[in-house]
Structures are given as structure tokens and as C-alpha cells.
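Novice: Structure for the following, please:
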Amino acid sequence: MRENQLRTLFAQKKLALNGWASIGNSFLAELIADCGYDAVTVDLQHGLFSVETAVPMLQAISTTKAVPLVRCTENSLGEINKLLDAGAYGVICPLINTREDAEKFVRACHYSPRGGRSYGPARGVLYGGKDYFEHANRTVLTLAMIETRQGLANAEDILSVPDLDGIFIGPSDLAIEMGLAPDAWNDDKLSAGIRHLLALAHARGKYVGIFCGSIEMAERMKAAGVDMLVPGTDAQLLRAESTRRLTILRG
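Specialist: Below you'll find the predicted structure:
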């Protein structure tokens, strides 16, 4: 089965850079993936598209070296099964607030006896290889999003779930839950929460990813020792560069 390079980078203690495809277009997803990211996440939670659009985006990412990931809309076995069958090599699941949430998520991602995923890998076999079934359980990456006060409070229990590979921190929603602005990434209260999650996860040998809305935040998270970071969505990067060029030309 095709290797999951994110697992390799984690074993080597090397930072992974993850692109973020929030615009439902296969060419744009391919363009982002071709920039040199280690992975690209197709975002169904906040992207304005559905599974039908996500499939050609995953196909486009697969033409590059980037690992194809997805963020599902919710903790749903049906949707997660479709996305894995479509060739996703990892799933980021939003709003994991309890151990029970995490167990449900992990079960959806794994074949029996580790889980309850139904067999029908479709594109998964085309991307992963003919031995997909034998190796899928230990290849697909499972990341539970911690983005609420409840999730933060239950992080130790969540991280103790067998076969959960790690967490993905949602700093904006976590900040809102703390009574802060969504972009208050440098607030002491949020920073303390992120450090706490990092320490808990790494003490258990678990993976930690995080979304970063600015390069300044990305640099700080890199220094803090996260395993994977997102330096912005495709929409954010397009807007930022367009604004920069217009400012120069109209200055």
C-alpha cells in the first residue's frame, strides 16, 4: 500500500505543512497541492461543497506528492466511509468533545475488528494499492478536532482512545468558547490551552495539528513543536496576495 508520508514525517519528528482546499474546484486543489505542501485537506465542513465535489478534488491532489486529507462535515460513519472510499488518507473530524465522540470517529475510520467501516474502498484501492484492505487501518490518519471548552476539558480522555492518532486544534472556535475574538491566537488564555493540548498529546506519542490564520501564528506554532500546521486556506492566500498586489499598484 502507498505510504502515508505524514506518518513518516511524524516518526522522523519533522514538521508537516498542510494546504487547505476550501474552494470547491479540482484545478485549484491540484494547484495548491503542487506548491509543495506535504498534505492538502479538502474541507467539507466550511467549504461550500459536498462529497460529489470532494471526489475530483481528491483525484486532483493525487496527481501530486501531497497526502490527500479531508475534514468531514460531522462525525458521521456514512460520510466518513464515502470520503475514505474516495481515497482520503486521513480524516480530521470536527467537534470531538468526549471520549465517546472519539470512539465513534475512530470506529468509522477502521475496518473490523478495530472498527465498523464498511468494505467498498473504490478509489481507495486505486490510490492506495491492491493491498489496501490489509494496510488501511494502520495507514489512514485519524485526527480529532479539539475546538470547544468541553473538548479541552476532556482532552486526556479523548487522547486515551486506542487507535486515535492525534488531535487537530481549532484555535478560532476554541478562542470564541473562551470569550475571545476568533483571531486572538496570541492571547495568554488560548496559548495556555494550546500548550496544554500539546503536552498531553506528545506525552502519549500522539499527533498534533493546528490551523494558523497568519504567518506569525504559524511561526509560533512551529516553534512550539506542533507536528502539522496549516498556514492558511486557499481563499485566505488568494485574498492576501491579491490585496498585496493591488496595494502596490495603487500606492
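Novice: what helices or strands is the strand or helix carrying residue 106 leaning on?
Specialist: Element membership of residue 106 [criterion: DSSP states H and E] is helix 99-109. Counting contacts by 3 or more CB pairs under 8 Å, 6 or more residues apart in numbering; DSSP states H and E, helix 99-109 is packed against helix 77-85, strand 90-93, strand 141-146, helix 155-159. In this view, the C-beta of every residue, glycine as well, is placed from N, C-alpha and C.
Novice: Output the ones you listed in JSON lines; the columns should cover distance to residue 24.
Specialist: Supplementary listing: the helices and strands packed on helix 99-109 in JSON lines, determined by distance: least, CB to CB, whole Å:
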{"stretch": "helix 77-85", "distance to residue 24": "14"}
{"stretch": "strand 90-93", "distance to residue 24": "17"}
{"stretch": "strand 141-146", "distance to residue 24": "21"}
{"stretch": "helix 155-159", "distance to residue 24": "30"}
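Novice: picking that back up, how about the helix holding residue 106: buried residues?
Specialist: Within helix 99-109, the residues scored as buried using 16 or more other CB atoms under 10 Å are 99, 101, 102, 103, 104, 105, 106, 107, 108, 109.
Novice: Okay, the closest residue to the first one other than its chain neighbours and residue 49: tell me how far apart.
Specialist: It stands for residue 99. Spatially, and ignoring its direct neighbours in sequence, residue 99 is nearest to residue 157 (4.1 Å; CB to CB, 6 or more residues apart in numbering). For residue 157, the distance to residue 49 (CB to CB, to the nearest Å) stands at 33 Å.
Novice: same check, this time on residue 141
Specialist: As judged by CB to CB, residue 141 and residue 49 stand 22 Å apart.
Novice: Those two - which one has more neighbours?
Specialist: Between residue 141 and residue 49, counting by other CB atoms under 10 Å, residue 141 is the more crowded of the two (23 against 16).
Novice: now the helices: where do they sit in the stretch 151-251 of the chain?
Specialist: Taking DSSP state H, counting those that start in this stretch as the criterion, the stretch 151-251 of the chain carries its helices at 155-159, 171-177, 188-203, 215-224, 234-250.
Novice: May I see these organised as a markdown table, with mean neighbour count and distance to residue 14 added?
Specialist: Shown next, in a markdown table, are the helices of the stretch 151-251 of the chain (neighbours: other CB atoms under 10 Å; distance: least, CB to CB, whole Å):
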| stretch | mean neighbour count | distance to residue 14 |
| --- | --- | --- |
| helix 155-159 | 19 | 22 |
| helix 171-177 | 20 | 22 |
| helix 188-203 | 16 | 15 |
| helix 215-224 | 15 | 11 |
| helix 234-250 | 11 | 23 |
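Novice: of all those, which lies closest to residue 13?
Specialist: Distances from residue 13 to each of the helices of the stretch 151-251 of the chain were compared by CB to CB, and the smallest falls on helix 188-203, at 10.4 Å.
Novice: That closest one - contacts with which helices or strands?
Specialist: Packing partners of helix 188-203 (3+ CB pairs under 8 Å, 6+ apart): helix 149-153, helix 155-159, strand 166-169, helix 171-177, strand 207-211, helix 215-224.
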